[in-house]
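In: Predicted model and sequence follow; I will ask about them next.
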Amino acid sequence: MKRLPVVICMCLVFGALAFFPGIGMAAEEEINCVKCHRRVTPGHVTDWETSTHAEMGIDCSVCHGSEHQSAKNKHLAVMPDESVCGDCHYDQFEQFQAGKHNHGWKSLNAMPVTHLEPDALMEGGRGCGGCHNMGIKTEKEKEAIRATGNRYQNNSCDECHTRHTFAKSEAQDPRACQQCHMGYDHPQWEMWSSAKHGTRWFAKDQGRLPENATAPTCQECHLPEGTHTNRTAWGFFGVRLPMPDDKQWASDRATILKALGVLNPKTGEPTKRLEVIKELDMARLTEKDWQDERTKMIKTCAKCHSKSYGKTQLEAGDEMMQKADRLMAKAINIVAALYEDGILKKPAEYEFAYPDIMYFMRTNGKSMDNLSHIDQVLFQMFMKHRMRTYQGCFHVNPDYAYWYGWAMMTKDLGEIEELAHLLREAHKEKKE
Ligand code: HEC
Ligand code: HEC
Ligand code: HEC
Ligand code: HEC
Ligand code: HEC
Ligand code: HEC
Ligand code: HEC
Ligand code: HEC
C-alpha cells in the first residue's frame, strides 16, 4: 500500500470530516463512540483522551471504522493492523518492516514444536504467542487466527507503545522491552538491569545521578537514533556463515547446525530448514552482513567508551561463543551416539535419528510418556545455558556469563556423560 505523509493524512481525515460527513466518521458518530465507550470501556477512553492522537483529532473511528454503533454489532469494529498506523507513520512502518521484529510471528510458526502446543498459548497471546505477536501477519495468517475464534493480536506497534495512549515516552523506557526480553532463553532484561549499564539508568531515573549522566538503554544500543529496524551480528542462535577458520570451531558449529536440523547429520548437506533460516533472517550468512552489524555496535559503544575498549569487550563475547560451542558439540555428539547405537529411538516426528533441538522440551516428539531426559538436558544446555554464556558477555553481566551460563554448561555436560553411561549399562543388561 502506498503510504501518505502525516500531513496529507491529516488533511484526508479532516477533509472527510468537513466535506463528506457520510464517509469516514461524522462528528456525531464520534461523540457516540466516546459517549457510549465511556460507559462500556472507560479505561480506553481515558487513555485515548491523554494521547497525542486525541489532541490531533484522531479518534476511535479513524482506527476502528464507524460501522459498529452498538453492542449488537461489535463484530463490525475493525481491528487495525500495522498498515493502518503506517498510513500516517510510514517511516516507522518501513523501518519496522525491515527489522528482525517483523519476523516474530513467522519464526514462531516455523518451529515444529509450535504445532504441538495448545492454541491458547499461540493465538490467545499467552506463552509463545504473547511475545511472538511481533511481526506483520499476512491476510492468510490472520484468517488462520480468526478460525480459532480469536479476532485480536493484529497489531505489533502497540507492543512498545501500548494502546490507547500510544506514547513515544513509554517506548523509550527500557521496561517497554521487558515482557519479552526476559526469562529462560533470553534474559536480556535481567542481565542489563543488574549490570552497570542498567544500574546507572535506574540511579538516573531516581534522580541519584544528574539528568545528563550517560546510561545506555536497550533502545540506545538496538534502536539507535529512533530507528525501528533492529538486528544484531550473532542473532539469537549464535551461529553464522561463513564457517570460522579455526578447524575445531568449524567442526563444532557444524555439529550444532546438525542438532538445529539445518545440516543433514549423515551427509552434512543443508536441509529444508536452511531455507527457513534464510527467509526469516535467523542468521547472518555472509561475513559482510555480520561485520556491518558489529561495526554499527562498536560505533554505539564509542559514544561513551573508547573504540578499542568497545571492540575488545565484544571480542571477549565472540571468544566465549567459541568456548561454549566446544562444550555444546561434545554434549551433542554423546547424545547422537546413543541414537546411532539404537539406545535412544528416533521419535516419529524427527527427520533423523539425531537430537533435534527445535522440538524444545518435547525433545522426544509427541510421545509425552516417553520423554528422554538426556535429550531435555541437552536442550537446556543449548537454550538456557549457552544463551546465558554469550548473552551475558555481550550485556556486560559477570554473573550471567559465568554462574548462570558457563558453569551450568559444564554441569550439563557432566550430567549428560553420566546419563549416557547409565543408559548404556541398562541397554547392555537388557540385551544379556
Ligand atoms: C451504544 C453503545 C456503543 C457505541 C455507540 C459504540 N460502541 Fe463500541 N462497543 C460497545 C459494546 C457494548 C461493545 C462490546 C464490549 C464487550 O464485548 O464487552 C463494543 C465493542 C467495541 C470494540 C471492540 C470489539 C471487539 O471485538 O472486542 C471496539 C474496537 C469498539 N467498540 C469501537 C467503537 C467505535 C470506533 C465506535 C464509534 C464508531 C463505537 N465503538 C461505538 C458499545 C458501543
Ligand atoms: C490509533 C489507532 C486507535 C485509536 C484512535 C483507537 N484505537 Fe482502539 N485499538 C487500537 C488497536 C491497535 C487495538 C488492538 C487491535 C488488536 O488487538 O487486533 C485496539 C483495540 C481496541 C479494543 C479491543 C481490545 C480491548 O482492549 O478491549 C477496544 C474496545 C477499543 N480499541 C476501543 C477504542 C475506543 C473506544 C477508542 C476511542 C476512544 C479507540 N479504541 C481508539 C487502535 C486504536
Ligand atoms: C490518521 C493518521 C494517524 C493514524 C492512523 C495513526 N497515527 Fe499516530 N500520530 C498521528 C499524528 C498526527 C501524531 C502526532 C505527530 C507525530 O508524532 O507524528 C501521532 C503520534 C503518534 C505517536 C507519538 C506520540 C507521542 O507520545 O509523541 C505514536 C507512538 C503513534 N502516533 C503511534 C501510532 C500507532 C501505533 C498507530 C496505529 C495503531 C497510529 N499511531 C495511527 C497520526 C496518526
Ligand atoms: C517471554 C517471551 C517469549 C516467549 C514466551 C517465547 N519467545 Fe521466542 N523469542 C522471544 C524473544 C525476545 C526472541 C529473540 C531473543 C534474542 O534474540 O535473544 C525470541 C526468539 C525466538 C526464535 C528465534 C528467532 C530468530 O530469528 O532468531 C524462535 C524460533 C522462537 N523464539 C520460538 C519460540 C517458540 C516456539 C516459543 C514457544 C514454545 C517461544 N519462542 C516463546 C520471546 C519469547
Ligand atoms: C520495539 C519497540 C517498538 C515497536 C514495536 C514500535 N515502536 Fe515506535 N518507537 C519506539 C521507540 C523506542 C521510539 C522513540 C524513538 C526516539 O527516541 O526518537 C518510538 C517512536 C515512535 C514514534 C514517534 C516518532 C517521533 O519521533 O515523534 C512513532 C510515530 C512510532 N514510534 C510509530 C510506530 C509504529 C507505527 C509502529 C509499528 C509499525 C511502532 N512505532 C512500533 C519503539 C517501538
Ligand atoms: C512483544 C514482545 C517484544 C517486545 C516488547 C520487544 N521485543 Fe525484541 N524481539 C521479540 C521477538 C519475538 C524477537 C525475535 C524476532 C524473530 O523471530 O526474528 C525479538 C528480537 C529482537 C532483537 C533482534 C535480535 C537478533 O536476532 O538479532 C533485538 C535487538 C530486540 N528484539 C530488541 C528489542 C528492544 C530494544 C525492545 C524494546 C524497545 C524490544 N526488543 C521489545 C519480541 C519483543
Ligand atoms: C551497551 C549496549 C547494549 C545495551 C544497553 C543492551 N544491549 Fe542487547 N546487545 C548488545 C550487544 C553488543 C549484543 C551482541 C551483538 C553481537 O551479536 O555482536 C546484544 C545482543 C542482544 C540481542 C541478541 C541476542 C543476544 O543477547 O546476544 C538481543 C535480543 C538484545 N541484545 C536485547 C537487549 C535488550 C532487550 C536490552 C535491554 C534490556 C539490551 N539488549 C541492552 C548491546 C547492548
Ligand atoms: C551511553 C553511554 C554508554 C554506552 C553507549 C556504552 N556504555 Fe559501557 N558503560 C557506560 C558507563 C557509564 C559505565 C559505568 C562506568 C564504570 O564502570 O565506571 C559502563 C560500563 C561498562 C563496562 C563495565 C566496566 C567495569 O569496569 O566494570 C563494560 C565492560 C562496558 N561498559 C562495555 C560496553 C560496551 C561493549 C558497549 C557497546 C556495546 C558499551 N559499554 C556502551 C556507558 C556506556
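Out: Received the coordinates, thanks. Ligands and ions are numbered 1, 2, ... in the order given.
In: rest of the way, CA atoms for contacts and neighbours
Out: OK.
In: for the host helix or strand of residue 389, packing partners?
Out: Here residue 389, judged by DSSP states H and E, is contained in helix 387-394. Helices and strands touching helix 387-394, by 3 or more CA pairs under 8 Å, 6 or more residues apart in numbering; DSSP states H and E, are helix 188-194, helix 307-340, helix 398-401.
In: what packs against the shortest one?
Out: To tie it back to what came earlier, the one meant is helix 398-401. helix 387-394.
In: How much space separates residue 382 from residue 87?
Out: 42 Å (CA to CA, to the nearest Å).
In: Among these two, which residue is more densely surrounded?
Out: residue 382 (26 against 18; other CA atoms under 10 Å).
In: Pretty sure residue 395 sits against residue 188.
Out: Yes. In this structure, residue 395 is within contact of residue 188 by CA atoms under 8 Å, at 7.3 Å.
In: More neighbours: the two, which one.
Out: Neighbour totals were compared for residue 395 and residue 188, and residue 395 leads with 26 against 23 (other CA under 10 Å).
In: How much space separates that one from residue 189?
Out: Taking CA to CA, one finds residue 395 at 10 Å from residue 189.
In: Ok, residue 119 next?
Out: Counting by CA to CA, the gap from residue 119 to residue 189 is 27 Å.
In: Kindly report the same for residue 276.
Out: To residue 189, residue 276 is 28 Å away according to CA to CA.
In: what does residue 111 give?
Out: 24 Å.
In: between these two, which one's more packed in?
Out: residue 189 (21 against 15).
In: residues in contact with that one?
Out: Applying CA atoms under 8 Å, 6 or more residues apart in numbering, one finds that residue 189 lies in contact with 177, 178, 181, 182.
In: what's the closest non-adjacent residue to the first one?
Out: For residue 177, the nearest residue in space outside its immediate sequence neighbours is residue 160; the separation is 7.1 Å by CA to CA, 6 or more residues apart in numbering.
In: burial measure for the one you found, as a count.
Out: 22.
In: what sits against residue 103?
Out: Here residue 103 is in contact with 134, 135, 136, 280 (CA under 8 Å, 6+ apart).
In: again, 10 Å this time
Out: Remark: with contacts taken as CA atoms under 10 Å, 6 or more residues apart in numbering, residue 103 is in contact with 97, 132, 133, 134, 135, 136, 137, 279, 280, 281, 282.
In: which non-adjacent residue is nearest the closest residue to ligand 8 within the stretch 201-350 of the chain?
Out: Across the stretch 201-350 of the chain, the shortest distance to ligand 8 (CA to the nearest ligand atom) belongs to residue 301, at 3.4 Å. Spatial nearest neighbour of residue 301, chain neighbours left out: residue 310 (5.5 Å); criterion: CA to CA, 6+ apart.
In: what's the answer for residue 384, then?
Out: Closest to residue 384 by CA to CA, 6+ apart is residue 185, at 4.8 Å.
In: Ligand 6 contacts on the stretch 101-250 of the chain?
Out: The stretch 101-250 of the chain comes close to ligand 6 at residues 101, 103-104, 107, 131-132, 134, 159-160, 171, 174, 176-177, 179-180, 218-219, 222, 230-232, 235-236, as judged by CA under 6 Å from any ligand atom.
In: Just the buried subset of those, please.
Out: 101, 103-104, 107, 131-132, 134, 159-160, 171, 174, 176-177, 180, 218-219, 222, 230-232 (16 or more other CA atoms under 10 Å).
In: So which of the residues you listed belong to helices?
Out: Among these, the members falling in helices (DSSP state H) are 104, 107, 131, 132, 171, 176, 177, 218, 219, 222.
In: do you know how far the third one is from ligand 5?
Out: Applying CA to the nearest ligand atom, to the nearest Å, one obtains 11 Å for the distance of residue 131 from ligand 5.
In: Isn't that residue up against residue 183?
Out: No. The pair residue 131 / residue 183 is not scored as a contact, 11.9 Å apart, by CA atoms under 10 Å.
In: Now do whatever helix or strand residue 300 lives in: which elements does it pack against?
Out: Assigned by DSSP H and E, residue 300 belongs to helix 287-301. Judged by 3 or more CA pairs under 10 Å, 6 or more residues apart in numbering; DSSP states H and E, helix 287-301 is in contact with helix 218-222, helix 307-340.
In: could these be laid out in TSV, adding mean pLDDT?
Out: Formatted as TSV, the helices and strands packed on helix 287-301 follow (pLDDT from 0 to 100):
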stretch	mean pLDDT
helix 218-222	98
helix 307-340	98
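In: Make a markdown table from the ones you listed and add distance to ligand 2 to it.
Out: Listed next are the helices and strands packed on helix 287-301 as a markdown table, based on distance: least, CA to the nearest ligand atom, whole Å:
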| stretch | distance to ligand 2 |
| --- | --- |
| helix 218-222 | 22 |
| helix 307-340 | 38 |
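In: So for residue 296, which of those helices sits nearest?
Out: helix 218-222 (9.3 Å; CA to CA).
In: Flag every residue of this structure that's near ligand 7.
Out: 174, 177, 181, 188-189, 192, 216-218, 221, 232-236, 294, 391, 394-395.
In: Recalculate using a threshold of 5 Å.
Out: Applying CA under 5 Å from any ligand atom, we find that the chain lies next to ligand 7 at 181, 188-189, 216-218, 221, 232-236, 391, 394.
In: need the next SSE after the helix-or-strand element of the chain with minimal mean pLDDT, C-terminal direction.
Out: For the chain, the helix or strand with the lowest mean confidence is helix 6-19, at a mean of 43 (criterion: mean pLDDT, DSSP states H and E). Per DSSP H and E, the first helix or strand lying C-terminal to helix 6-19 is helix 27-40.
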